[in-house]
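Novice: sharing a model that was predicted from the sequence below.
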Amino acid sequence: MLNTATILATGVYAGIGILIFIISFVLVDILTPQRLWLEIIEKKNMAFAFLAGCVAIGLSIIIGAAIHG
């Protein structure tokens, strides 16, 4: 049954997951030798775009599994 506590908990967990995802992605961007967005947008580097996509999917799976328990 959906009640306000369930909806609030879902919102809080979603917010925590999104915040962790953003922090993790920025950390990956800092740790790569080149700037990801510079390589993807200006230089049209498909390898970096693929790397960024894989990192985003991997982080999402890890964060979702950690929150789910």
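Specialist: Looks like it arrived, so ask away. Numbers count the residues shown, from 1 in each chain.

Novice: pull the residues that contact the lowest-mean-pLDDT helix or strand in the chain.
Specialist: In the chain, no helix or strand scores lower on mean pLDDT, DSSP states H and E than helix 36-37, which sits at a mean of 83. With Cβ atoms under 8 Å, 6 or more residues apart in numbering as the test, helix 36-37 has contacts from V28, D29, F48, L51, A52. Heads up, the C-betas are built off the backbone N, CA and C, glycines and all.

Novice: could you do stretch 50-62 as well?
Specialist: Against stretch 50-62 from outside (Cβ under 8 Å, 6+ apart): F21, S24, F25, V28, T32, L36, I40.

Novice: buried among these? Make that a PyMOL selection.
Specialist: Here is the PyMOL command that selects the buried residues among these (16 or more other Cβ atoms under 10 Å):
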select buried, resi 21+24+25+28+36+40
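
Novice: which ones among the contacts of stretch 50-62 are found in helices?
Specialist: F21, S24, F25, V28, L36 (DSSP state H).

Novice: what is the lowest-pLDDT residue among the residues you listed?
Specialist: The lowest pLDDT within the ones in helices among the contacts of stretch 50-62 belongs to L36, with 83.

Novice: check the gap between the closest residue to it other than its chain neighbours and I22 for me.
Specialist: Distances taken as Cβ to Cβ, 6 or more residues apart in numbering put D29 closest to L36, at 4.9 Å, once the chain neighbours are dropped. When distance is defined by Cβ to Cβ, to the nearest Å, D29 is 11 Å away from I22.

Novice: just L38 next, same as before
Specialist: When L38 is compared with I22 (using Cβ to Cβ), they lie 19 Å apart.

Novice: contacting residues for the most centrally placed residue in the chain?
Specialist: Of all residues in the chain, the one closest to the mean position by Cα atoms, centre = their mean is F21, 3.3 Å from it. Residues counted as contacts of F21 (Cβ under 8 Å, 6+ apart) are A56, L59, S60, I63.

Novice: quick one: secondary structure of the first one?
Specialist: In this case it means A56. Assigned by DSSP: H, G, I helix; E, B strand; the rest coil, the conformation of A56 is helix.
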